[in-house]
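Enquirer: next comes the sequence, and after it the predicted model I'd like to discuss.
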Amino acid sequence: MAATLAVVLAGLLHITFGISIFLAPRDGRCSPAPPVASWIFSVAALLLAKDVTLYPKFYINLPYFEFAVDTIGSLVMVELAVGVVWCSIEQLVHQLLRLILLFLGMKEETYLLMEF
């Protein structure tokens, strides 16, 4: 299990400050959806990072190194989960809903007016 303080620090860096260290952020957001779902997914990824053992027990006598490994590992897990998995899911759902609405007869002008 990762240290709670390390996971909280990774969450502050990624969710609150929007700092992305390992992946280049995309231009803007993943879709025009509100960011609340992304925050919920980020918290779930942080809880997953809290439950995973990132630091080998062989090096348990180096506490500051353990904190650094836990923080960096948690940050990598959150950035991969949100940047790759969540953005892909969000873009897929957005495009599917767009296609369904336009297929069912909504005019494109109405769709563009309601989208943003």
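Expert: Cool, the structure landed.

Enquirer: how close does T16 sit to H94?
Expert: 25 Å (C-beta to C-beta, to the nearest Å). All C-beta spots, glycine's among them, are computed from the backbone N, C-alpha and C.

Enquirer: compare those two (neighbour count), which wins?
Expert: Between T16 and H94, counted using other C-beta atoms under 10 Å, H94 has the larger neighbour count: 15 against 9.

Enquirer: list the contacts for that one?
Expert: Neighbouring residues of H94 by C-beta atoms under 8 Å, 6 or more residues apart in numbering: 31-33.

Enquirer: buried among these? Need that as a selection in PyMOL.
Expert: A single PyMOL command selects the buried members of the contacts of H94 (16 or more other C-beta atoms under 10 Å):
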select buried, resi 31
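
Enquirer: my read: A3 touches A68, true?
Expert: No. Look at A3 against A68 with C-beta atoms under 8 Å: they stay out of range, at 10.3 Å.

Enquirer: more neighbours, those two?
Expert: The neighbour comparison of A3 against A68 (other C-beta under 10 Å) goes to A3, with 18 against 13.

Enquirer: if I look at the more buried one, how far off is M114?
Expert: Counting by C-beta to C-beta, the gap from A3 to M114 is 45 Å.

Enquirer: just T71 next, same as before
Expert: 42 Å.
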